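In: Need the 3D shape of this:
(2 chains)
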Protein chains: 2
Amino acid sequence: MLMSELRRDPMTGGWVIIATDRGHRPSDFGSVGAVRRSGFCPFCPGNEATTPPEIRAYRDPGSAPNSPGWKVRTIPNKYAALGIEGDLAREGLGVYDKMNGVGAHEVIIETADHNRYIPDFSQEEMTQVIRMYRDRTSDLKKDSRFRYIQIFKNHGGAAGASLEHSHSQVIALPITPRWVKQELICSREYYAIKERCLLTDIIRQEIHEGLRVVYENEHFLTFCPYAAKFPFEIWIAPKNVVQNDFCMIQDNQIGDMADSLIRVLRALRSGLEDPPFNFIIHSAPSKYPKAGAWQTIDQDFLWHLEMIPRLTRIAGFEWGTGCHINPTPPEDSAVFLRERIAEES
Amino acid sequence: MLMSELRRDPMTGGWVIIATDRGHRPSDFGSVGAVRRSGFCPFCPGNEATTPPEIRAYRDPGSAPNSPGWKVRTIPNKYAALGIEGDLAREGLGVYDKMNGVGAHEVIIETADHNRYIPDFSQEEMTQVIRMYRDRTSDLKKDSRFRYIQIFKNHGGAAGASLEHSHSQVIALPITPRWVKQELICSREYYAIKERCLLTDIIRQEIHEGLRVVYENEHFLTFCPYAAKFPFEIWIAPKNVVQNDFCMIQDNQIGDMADSLIRVLRALRSGLEDPPFNFIIHSAPSKYPKAGAWQTIDQDFLWHLEMIPRLTRIAGFEWGTGCHINPTPPEDSAVFLRERIAEES
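Out: Numbering: from 1, shown residues only, chains lettered A, B, ... in the order given. You can find the predicted model right below:
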């Protein structure tokens, strides 16, 4: 396991996870960008003993833990960025602040089949994956050391995936990350003025204008955001609900979320040649500390999923400013994706 | 020229530059990551007519504009993200905000020699490049439409460079970018409590501890930051001065900044096989609007340069949270770079 600590950058207020073991040498960076495609896959059925023992799995009746017979399987990340044991030991060092790298880092293996991923899934298969997202998030929230649970997926080497077998990840953090805080603060400021949820207002405006809508079903709107940072950036958000926390997703919504994800990823695969992508669930943090300025109340924030196909490079300007240059208007991205989804249906 | 508009993301408060011409199709993304290395280079002497007319150049006495005989040459970016003409036309659209993509986007060609870049430069050559940074920043600050002037450099395809010939870029923006604001706010809050500049305190602590120092000369400290987001992240900051704005750099400092940059980039080239990198100058914004909460007073902020070798990939977790996982402790990066600099001297 990676030994790590959390360090706060006083210039931005953001926390960074820093490895504190001394094993990493500059030569370790030679393989950046490569996805391992060798014969042996630790995520395939039959190889369960080569991973850490499973935390939770949806299994065929009668199958034993850590053996074949599972549909979706969650394990600790063998190369975890954070360790589950110990206490935080918050400490100041002059102008700096640090704490131990305490958290959880899990891998959700989405399918037993090495050769399939989300665009190949049935709605029922994807529903099981989203159920697992909810199960793991709900469980980790019970640990009072954790402030924020992040569900995300990396697909393709350029998007940070190091194993080919389709999987998502969960990281539980003892801090609320800075960009999450920023979203919560913006939503709260809007609510303070309007007494309406910002993202709910955005959804209403997007449905009304129709320009950036990619796909809509009963419970979810899929659209390219007005200020898209990247070509084909896609948000999937729940409609007609008050849910600041992803854990609040109801059984009757999950099927429509699965349907939206499958359709969007089929469109990306057919239209953009299976690009590398990340998706990330944005949710409210756990309820600690109560006094945090970014603490959401139930009505002011709406959880959602953001997806970024990795088609362009991040250069110095973007890194210096946080101001992205997007060469593809989201209105064009939406038309393109709508057409692909219509073709696939 | 790219037609563009600035759009504000209501969920983060950040502005994005969105292309509004319709010329970009998904197939345009096929060449992502490639640096053009074909025979013809528009930045080479003799090809001046193939670029837009120069804005400023340091030239041999008697040489004519837009002809050979220059040492450092600034031209408008042929593929500018922002256009220099027109007014901002600020407008609201329901929950959204936009304005015209008004700004400046310039290219600083650092040398006439296609085959040399900063580690090959003499101190005098790099001094001329930094003088050009100052000249262009000072000039663009006179335009009251602009709030922030960003100097940056992309080296290598993975860092966003599209042409091989060594160059930097300048972008003048009609907004203060969100990450700049964040730095200014953190520095101001610190100053409000301590009546000391945060970065000056950081420099003092780094010199005292010595653990993360990479190189030091009379006027600059080069170090790996305590909460480094990336392996071998490097900051270069001026010592013993009150300068919130990069334009305030004095002639007697520029040589030492040039020396620091050359030595660090020689160390990266010899130790890490000439990795792709970005560097970015962080500076105070122009003095408009006076009332902005992020407006710096002279004493609370210190300009500096941040450099990121592009050795690791940004995955979904980092995109979702702004919380980076750095596998190389900055203390290790600093030892490694100190050793390379000693070898090169």
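
In: Show me the strands in the stretch 51-200 of chain A, by range?
Out: Secondary structure of the stretch 51-200 of chain A by DSSP state E, counting those that start in this stretch: the strands cover A:56-59, A:70-76, A:91-93, A:96-100, A:104-109, A:148-155, A:167-173.

In: how about those, which one is nearest chain B?
Out: If you check each of these against chain B by C-beta to the nearest C-beta, strand A:148-155 wins as the nearest, at 3.5 Å. Bear in mind the C-beta positions are built from the backbone N, C-alpha and C, glycine included.

In: what residues does the closest one touch?
Out: A:117, A:133, A:136-137, A:140-141, A:160-161, A:166-173, A:175-177, A:180, A:246, A:276-281, A:283, A:285-286, B:315-317, B:319-321 (C-beta atoms under 8 Å, 6 or more residues apart in numbering or on different chains).

In: CSV for the strands of the stretch 51-200 of chain A, including distance to residue A:258 and mean pLDDT?
Out: Formatted as CSV, the strands of the stretch 51-200 of chain A follow (distance: least, C-beta to C-beta, whole Å; pLDDT from 0 to 100):
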stretch, distance to residue A:258, mean pLDDT
strand A:56-59, 14, 98
strand A:70-76, 12, 97
strand A:91-93, 44, 95
strand A:96-100, 37, 96
strand A:104-109, 14, 97
strand A:148-155, 14, 96
strand A:167-173, 13, 96
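
In: okay if I get the ones you listed as JSON lines plus mean neighbour count and distance to residue A:209?
Out: Output for the strands of the stretch 51-200 of chain A, formatted as JSON lines (neighbours: other C-beta atoms under 10 Å in any protein chain shown; distance: least, C-beta to C-beta, whole Å):
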{"stretch": "strand A:56-59", "mean neighbour count": "17", "distance to residue A:209": "40"}
{"stretch": "strand A:70-76", "mean neighbour count": "21", "distance to residue A:209": "37"}
{"stretch": "strand A:91-93", "mean neighbour count": "10", "distance to residue A:209": "50"}
{"stretch": "strand A:96-100", "mean neighbour count": "18", "distance to residue A:209": "44"}
{"stretch": "strand A:104-109", "mean neighbour count": "24", "distance to residue A:209": "35"}
{"stretch": "strand A:148-155", "mean neighbour count": "25", "distance to residue A:209": "29"}
{"stretch": "strand A:167-173", "mean neighbour count": "25", "distance to residue A:209": "32"}
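
In: Save those strands as CSV, and put in distance to residue B:84 too.
Out: Below are the strands of the stretch 51-200 of chain A laid out as CSV (distance: least, C-beta to C-beta, whole Å):
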stretch, distance to residue B:84
strand A:56-59, 58
strand A:70-76, 54
strand A:91-93, 47
strand A:96-100, 42
strand A:104-109, 48
strand A:148-155, 39
strand A:167-173, 44
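
In: and residue A:123, which of these is closest to it?
Out: If you check each of these against residue A:123 by C-beta to C-beta, strand A:70-76 wins as the nearest, at 13.9 Å.

In: Run the chain-centre distance for that closest one.
Out: Computed by C-alpha atoms, centre = their mean, to the nearest Å, the chain-centroid distance of strand A:70-76 equals 17 Å.

In: C-alpha coordinates for it, PDB please?
Out: Once non-C-alpha atoms are left out, strand A:70-76 reads as follows in PDB (Å, rounded to 0.1, in the frame of the first residue of the first chain):
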ATOM      1  CA  TRP A  70     -20.400 -12.500  -9.200                       C
ATOM      2  CA  LYS A  71     -22.000  -9.900 -11.500                       C
ATOM      3  CA  VAL A  72     -20.500  -6.700  -9.800                       C
ATOM      4  CA  ARG A  73     -17.600  -6.900  -7.400                       C
ATOM      5  CA  THR A  74     -16.100  -4.300  -5.100                       C
ATOM      6  CA  ILE A  75     -12.500  -4.700  -3.800                       C
ATOM      7  CA  PRO A  76     -10.000  -2.500  -2.000                       C
END
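
In: what lines up beside that strand in the sheet?
Out: Within its sheet, strand A:70-76 is paired with strand A:56-59 (antiparallel), strand A:104-109 (antiparallel), according to DSSP bridges.

In: Take the ones you listed and write them to JSON lines, including distance to residue A:223.
Out: Output for these, formatted as JSON lines (distance: least, C-beta to C-beta, whole Å):
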{"stretch": "strand A:56-59", "distance to residue A:223": "31"}
{"stretch": "strand A:104-109", "distance to residue A:223": "26"}
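
In: How about the residues of the stretch 51-200 of chain A by chain B?
Out: Where the stretch 51-200 of chain A comes near chain B, counting by C-beta under 8 Å from any C-beta of the partner chain, the residues are A:81, A:93-96, A:148, A:150, A:152-154, A:157-161, A:169, A:171, A:173, A:175, A:177-180, A:182-183, A:186-187, A:190, A:198-199.

In: switch the cut-off to 7 Å
Out: By C-beta under 7 Å from any C-beta of the partner chain, the residues of the stretch 51-200 of chain A that approach chain B are A:81, A:94-96, A:150, A:152-154, A:158-160, A:171, A:173, A:177-180, A:182-183, A:186, A:198-199.

In: element containing the nearest residue to residue A:231 once chain neighbours are set aside?
Out: Nearest non-adjacent residue to residue A:231, counting by C-beta to C-beta, 6 or more residues apart in numbering or on different chains: residue A:328, 3.6 Å away. Using DSSP states H and E, residue A:328 is not contained in any helix or strand.

In: Can you get me the start-to-end distance on stretch A:273-283?
Out: Terminal residues of stretch A:273-283 are spaced 30 Å apart (C-alpha to C-alpha, to the nearest Å).
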